[in-house]
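Undergrad: need a 3D model of the sequence below.
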Amino acid sequence: MTSRLLLTDYVGVDRQTGMTITGVAHLASCVRDVLGTFKRSCVMARDYGTEGMRHLGAPINSSTIADIVADTAQALHAWEPRIKLKRVLATAAGPEGRLTVDLIVQVQGREIRLERVI
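TA: Now for the predicted structure:
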């Protein structure tokens, strides 16, 4: 018999502080790792990451946002099996052309918002 992991069972290390993180914080960290990694940049896992990084410096318009949403969905489907992506919320902010992305994901039947994953 296999036991089902609980969200609180997810444990990792915060890449910036070195402190232990659990639950939603750990899941968000893993998602940020996938989405912040250029595809083909990991020597032993060339497919790991996303093509979304190709949009750095691109104009923020509906076409770019649609591509980022698609790249996000594809990467998370491939590399984060613990979640089911429900929604990608892309928000353009200010004249500096910054785009932030929040996700609505389902984990073990529970919907969670992961903020500022990009």
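Undergrad: burial count for R54?
TA: Residues lying near R54 (other C-beta atoms under 10 Å) number 13. Quick note: C-beta positions are derived from backbone N, CA and C, even for glycine.
Undergrad: do the one 10 residues further on as well
TA: When neighbours are defined as other C-beta under 10 Å, T64 has 15 of them.
Undergrad: run through the chain and note the low-pLDDT ranges.
TA: Scanning the chain for pLDDT under 70 picks out 1-6, 94.
Undergrad: can you give me the strands for it?
TA: Assigned by DSSP state E, the strands in the chain fall at 11-13, 20-22, 84-93, 98-107, 110-114.
Undergrad: tilt between the last one and strand 98-107?
TA: Going back to what we said before, that points to strand 110-114. Orientation check (axes from the mean of the first three to the mean of the last three C-alpha atoms, to 10 degrees): strand 110-114 against strand 98-107 gives 160 degrees.
Undergrad: okay, now the sheet partners of strand 110-114, with direction.
TA: Partners of strand 110-114 in the sheet, by DSSP bridges, are strand 98-107 (antiparallel).
Undergrad: same check, this time on the second one
TA: Strand pairing for strand 20-22, using DSSP bridges, gives strand 11-13 (antiparallel).
Undergrad: can you list contacts of the strand it pairs with?
TA: The contact list for strand 11-13 (C-beta atoms under 8 Å, 6 or more residues apart in numbering) reads M19, T20, I21, T22, H26, S29, C30.
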